[in-house]
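Novice: Requesting a structural model of the entry that follows:
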Amino acid sequence: MEIKKLINNSLKVGLSIMLGGLILYWMYRDFDFKTVADTLMHGMNWTWMLLSFPFGILAQMFRGWRWHLTLEPIGEKPRTSTSINSIFLSYAVSLIVPRIGEFARCGILRRYDGVSFPKALGTVVMERAIDSALVMLIALLTFAFQLRVFNTFFAETGTNLESILSKFSAAGYAVTVVCGVAVLILAWYLLQRFAIYNKVRNMVRGIWQGIMAVRDVKHPWLFVAFTLGIWASYFLHYYLTFFCFEATSHLGMACALVTFIVGSIAVIVPTPNGAGPWHFAVKTMLILYGVGDVDALNFVLIVHSVQTLLVVVLGVYAWTVLSFTRTKSGEMVRC
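Specialist: So this is what the prediction gives:
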């Protein structure tokens, strides 16, 4: 049974890495990588990239502070430094095995500060549920304010939404609505008979329970502040990189927000640090905003690679610090 589980887990990891690799290969199969070297040496403003680093670090620190806050109501009091270092290390190990970082950080708190692993994992689920709800809300608002961009895209590709709707008569609208309702009813009926229905239902229920769990936090407004701090820092960590490249420096915050949200949704696909899906999603949106194909490919490759390197550096730092950290009982732990 253990061997079967190991094989299944190995297949999941292998498939996720293969998926990311295949997407990247498809995107860069005819790409001249000499342009990347030229951009790195002569076509980038590295000052803006360096200015973005503190926000990447701060985002993870906010996450550590928030996690420390959510553990208090359930009777767990880890050291703040251990909470933050566990976050640093969890992101780094997730580069090797996607999503394993969530379990790794819970294990670190159990090992160093005696925190209950199941309780810690429960707070992680709550955090992720709240983050998912926030991203969905921001996504809806962002896309609502940026519909003009999508309408322009449809017009340029000959699929203008207004021209399509103008061909509908009153009867056509009625038939469309009836068909739409029928499809939804049929989909609901079929989903009830498949396992995916339960998975989706449990996910939605988990998000709602996570949101409601905020009421138990000792300082709810501090929790909200940390949450906003996390996502504001993530956004600035990404947005400042726009000014590193001539092709993106003029695009503005609206474009940055749209591409940031699309990229955040894309990393749901379990590949190492979202490699592949993130590249494709952000590159596609940049082209939608008028960035050239080569410039967009350069942007996503360089930005993702540099920010991934920062994650690795923070992970190495956390591993080094934890190697010299004693448990609460005063024992040294061998990493």
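Novice: do you know how far residue 109 is from residue 324?
Specialist: 17 Å (CB to CB, to the nearest Å). C-beta coordinates here come from the backbone N, C-alpha and C atoms, glycine included.
Novice: Comparing the two, which shows the higher neighbour count?
Specialist: residue 109 (23 against 9; other CB atoms under 10 Å).
Novice: Assign the spatially closest residue to the more buried one that is not a sequence neighbour to helix, strand or coil.
Specialist: In this structure, residue 109 finds its nearest non-sequential neighbour in residue 115, 3.9 Å apart by CB to CB, 6 or more residues apart in numbering. Put simply, residue 115 is coil when judged by DSSP: H, G, I helix; E, B strand; the rest coil.
Novice: ok, now the one 5 residues further on?
Specialist: On the three-state scheme (three-state DSSP), residue 120 is labelled helix.
Novice: That one touches residue 110, doesn't it?
Specialist: Yes: using CB atoms under 8 Å, residue 120 makes contact with residue 110 at a distance of 6.9 Å.
Novice: Where does the closest residue in space to residue 94 that isn't next to it in sequence sit, in terms of helix or strand?
Specialist: Of all residues not flanking residue 94 in the chain, residue 101 sits nearest, at 3.6 Å (CB to CB, 6+ apart). In the assignment (DSSP states H and E), residue 101 maps to helix 100-113.
Novice: packing partners for that helix?
Specialist: Packed against helix 100-113 by the contact rule (3 or more CB pairs under 8 Å, 6 or more residues apart in numbering; DSSP states H and E) you find helix 80-93, helix 117-145.
Novice: List the contacts of the nearest residue to residue 271 once chain neighbours are set aside.
Specialist: The shortest distance from residue 271 to any non-neighbouring residue, by CB to CB, 6+ apart, is to residue 20 (3.3 Å). Contacts for residue 20 (CB atoms under 8 Å, 6 or more residues apart in numbering) come out as 271-272, 275-277.
Novice: related to what we said a few turns ago, for residue 120 and residue 110, indicate the residue with more neighbours.
Specialist: Higher neighbour count among residue 120 and residue 110: residue 120, with 26 against 18, using other CB under 10 Å.
Novice: Low-confidence stretches in this structure?
Specialist: Along the chain, the model assigns pLDDT under 70 to residues 1-2, 4-6, 8-9, 12, 149-215, 329-335.
Novice: Try it again at 50.
Specialist: The chain contains residues with pLDDT under 50 at 157, 159, 164, 167, 210.
Novice: Show the residue spans covered by the helices in it.
Specialist: Shown for the chain, the helices assigned by DSSP state H span residues 2-28, 34-42, 46-71, 80-93, 100-113, 117-145, 147-156, 161-165, 170-191, 195-212, 220-239, 252-266, 277-288, 293-323.
Novice: In the first one, which residues have enough neighbours to count as buried?
Specialist: What that stands for is helix 2-28. Across helix 2-28, burial judged by 16 or more other CB atoms under 10 Å covers 13, 16-17, 19-20, 23-24, 27.
Novice: and those residues as JSON lines, adding distance to residue 136?
Specialist: JSON lines is the format used below for the buried residues of helix 2-28 (distance: CB to CB, whole Å):
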{"residue": "13", "distance to residue 136": "27"}
{"residue": "16", "distance to residue 136": "23"}
{"residue": "17", "distance to residue 136": "27"}
{"residue": "19", "distance to residue 136": "23"}
{"residue": "20", "distance to residue 136": "24"}
{"residue": "23", "distance to residue 136": "23"}
{"residue": "24", "distance to residue 136": "27"}
{"residue": "27", "distance to residue 136": "26"}
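Novice: Now for those: which two are most distant?
Specialist: By the measure CB to CB, 13 and 27 form the most distant pair in these, at 21.8 Å.
Novice: Counting neighbours, what do you get for the nearest residue to residue 269 once chain neighbours are set aside?
Specialist: Excluding its sequence neighbours, the residue lying closest to residue 269 (CB to CB, 6+ apart) is residue 277, at 4.1 Å. Neighbour count of residue 277, defined by other CB under 10 Å: 20.
Novice: Check whether residue 277 really touches residue 265, as I assumed.
Specialist: No: Residue 277 is beyond contact range of residue 265, at 9.1 Å (criterion: CB under 8 Å).
Novice: Find the residues that touch each one of these two.
Specialist: By CB under 8 Å, 6+ apart, no residue touches both residue 277 and residue 265.
Novice: In stretch 131-139, which residues are buried?
Specialist: Within stretch 131-139, the residues that count as buried by 16+ other CB under 10 Å are 131-132, 135, 138-139.
Novice: again, but for stretch 31-51
Specialist: Neighbour-count burial for stretch 31-51 [16+ other CB under 10 Å]: 36, 39, 43-44, 48-49, 51.
Novice: which among those gets closest to residue 303?
Specialist: residue 49 (8.3 Å).
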